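In: take this sequence and fold it.
(one chain, ligands or ions: 1)
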Amino acid sequence: MTKTPSDFDVVVIGAGAAGLAAGKRLAPSGLSFLILEARERIGGRAQTRIVNGYPLDLGCGWLHSADRNPWTRIAADLGFTIDKTAPVWTRQSLDIGFSRQDQAAFAAASDAFYARLDAASPEAGDFPATLLLEPGSRWNALLDAESAFMNGAELASVSVKDWKRYEDSHVNWRVVEGYGAAIAAFGAGLPIRLGCAVTLVDHAGAVIALETSLGRLTADAVIVTVPPPLIATEAIAFAPRLPEKTRAAAVLPLGLADKLVMTVDALDLPVGGHLFGNPDAAATGSYQLRPFGRPLIEGFFGGRLAHELEAAGPGAFFDFARSELAQLFGSGFAARLAPLSETAWASDPWSRGAYSHALPGHSDARATLAAPVDGRIYFAGEACSKHSFSTAHGAYLTGVEAAEAAIAARLAKRRLANPAS
Ligand SMILES: Cc1cc2nc3c(=O)[nH]c(=O)nc-3n(C[C@H](O)[C@H](O)[C@H](O)COP(=O)(O)OP(=O)(O)OC[C@H]3O[C@@H](n4cnc5c(N)ncnc54)[C@H](O)[C@@H]3O)c2cc1C
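Out: Just a heads-up that it's a prediction; the model follows:
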């Protein structure tokens, strides 16, 4: 088969953290490339929106493993402010609705749970994280709630083997002007076609043909960074089909996390404080009080509860949060809250969820999803990361890795075709 010249050496599909990282790595390589993005903005699940003058992170907000997270340096170099205040996610400010004694009992149960996770041996197989719970413990509901915040899914849907592979330095910082804003600033100036949804990657021929909502183009290599649900449902299809990819993507679903930001007329609340709405319920919110000293409360909802509230429509997150907070502070507190912003990541057609977890029995799906095909179709994105999945820095690292592999393969082919150069 004779090869016809393609439009680009490399096309990157998706301009989230992974796609932008890939683009940034491709830029100095001398290869021609273009990033195709379905949305009318870059950043994907990283998005900062200014509401009432406050930069609100609708997606990623925390620089997890911040002391070794590449975005920390990138954001600082771009002039963003890094806030190094440590989070207090597992504490109950003012001990309200959760006595100090109960908090200590929960901390002990939680330490024992994570010690069992660390100790789970690979020979024990790949089982659901519910099996790490102590039968009958009062704190199992709150541990399930924490899994819903961290994994976007309750423990029953989470593979222990996969979860165990996650590497965490336990240093968590924030970007004052917004993590999403920093990631978007990083991507500024890259060649990106917005509003361009790829529907088909046809790799039957010598060049790869891409069908998109803005027409057809060709490339020698592609880097696919779209979230797993779009691959699993063949919203982006491959011809010939890649059944190992659709199967791997189907067992790496995106769990759900949604955020509700409220204004609060109660400046006596501790700055940077935290509350669980109900420490005895799996279906509860996690509330950050007055982040950055702002007169706001950020509610965080995960798993089944987030699905139910999102499905109930606009206002449901606020109704739920107002009722949980009124339960803690008394009914008069409800009048001091007003909704400012809420997310709906499950119904976002270009993500269909928040971040990936592996279903029990499928911890090796990340490697299957990440494996290149035919030396010219590469995969990146948080779900492809073995040790930093579900995060913006995991996405970044997979994007750089895929770009480096694509560059090495293209340059090697060029040298073969033109040994004198
Ligand atoms: C509520 C919430 C809170 C979070 N909190 C944190 C946190 O504190 N810290 C952290 O590190 N991470 C957090 N995350 C996760 C983090 O945001 C993601 O892991 C990361 O942004 C994923 O980047 P990505 O490039 O892999 O995917 P995405 O950002 O999803 O990028 C993929 C891109 O592909 C585009 N696309 C999809 N289909 C097509 C198509 N057919 N054609 C063209 N383009 C397409 C999408 O529009 C998108 O822009 C959070 C996420 C959410 C939702």
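In: contacts, neighbours, all on C-alpha from now
Out: Noted.
In: residues in contact with the longest strand seen in the chain?
Out: Counting by DSSP state E, the longest strand found in the chain is strand 215-224. By CA atoms under 8 Å, 6 or more residues apart in numbering, the list of residues contacting strand 215-224 from outside reads 6-14, 19, 206-211, 376-380, 402-403, 406.
In: again, only using 6 Å
Out: 6-13, 207-210, 376-379 (CA atoms under 6 Å, 6 or more residues apart in numbering).
In: do stretch 80-91 as well
Out: The contact list for stretch 80-91, computed with CA under 6 Å, 6+ apart, reads 173-176.
In: what's the closest of the residues you listed to the ligand?
Out: Nearest to the ligand, judged by CA to the nearest ligand atom, of the contacts of stretch 80-91 is Arg174 at 8.5 Å.
In: quick one: secondary structure of the closest one?
Out: Here Arg174 is recorded as strand under DSSP: H, G, I helix; E, B strand; the rest coil.
In: same check, this time on Glu234
Out: Following three-state DSSP, we place Glu234 in the coil state.
In: now it. Nearest residue, chain neighbours left out?
Out: Nearest non-adjacent residue to Glu234, counting by CA to CA, 6 or more residues apart in numbering: Thr246, 7.4 Å away.
In: and the longest strand of the chain, how far from the chain's centre?
Out: Distance of strand 215-224 from its chain centroid, counting by CA atoms, centre = their mean, to the nearest Å, is 25 Å.
In: returning to that earlier point: which of the contacts of strand 215-224 are close to the ligand?
Out: Cross-checking the contacts of strand 215-224 against the ligand (CA under 6 Å from any ligand atom) gives Ile13 as the overlapping residues.
In: if we can go back for a sec, now the contacts of stretch 80-91 as JSON lines including distance to the ligand, pLDDT and neighbour count?
Out: Formatted as JSON lines, these follow (distance: CA to the nearest ligand atom, whole Å; pLDDT from 0 to 100; neighbours: other CA atoms under 10 Å):
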{"residue": "Trp173", "distance to the ligand": "9", "pLDDT": "98", "neighbour count": "21"}
{"residue": "Arg174", "distance to the ligand": "8", "pLDDT": "98", "neighbour count": "22"}
{"residue": "Val175", "distance to the ligand": "11", "pLDDT": "98", "neighbour count": "23"}
{"residue": "Val176", "distance to the ligand": "13", "pLDDT": "98", "neighbour count": "20"}
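In: tell me the two of those that are most distant?
Out: Trp173 and Val176 (9.5 Å; CA to CA).
In: how many neighbours does Gly79 have?
Out: Look at Gly79: counted by other CA atoms under 10 Å, it has 11 neighbours.
In: for the closest residue to Asp7 other than its chain neighbours, report the pLDDT, please.
Out: The spatial neighbour of Asp7 that comes closest, neighbours along the chain excluded (CA to CA, 6+ apart), is Thr218 at 5.2 Å. Looking at Thr218, its pLDDT is 98.
In: do the same with the one 3 residues further on
Out: Confidence at Ala221, expressed as pLDDT, is 98.
In: that one: how many residues sit nearby?
Out: Per other CA under 10 Å, the neighbour tally for Ala221 reads 26.
In: what helices or strands is the biggest helix by length in the chain leaning on?
Out: Counting by DSSP state H, the longest helix found in the chain is helix 392-417. Contact analysis of helix 392-417 by 3 or more CA pairs under 6 Å, 6 or more residues apart in numbering; DSSP states H and E lists helix 17-26 as its packing neighbours.
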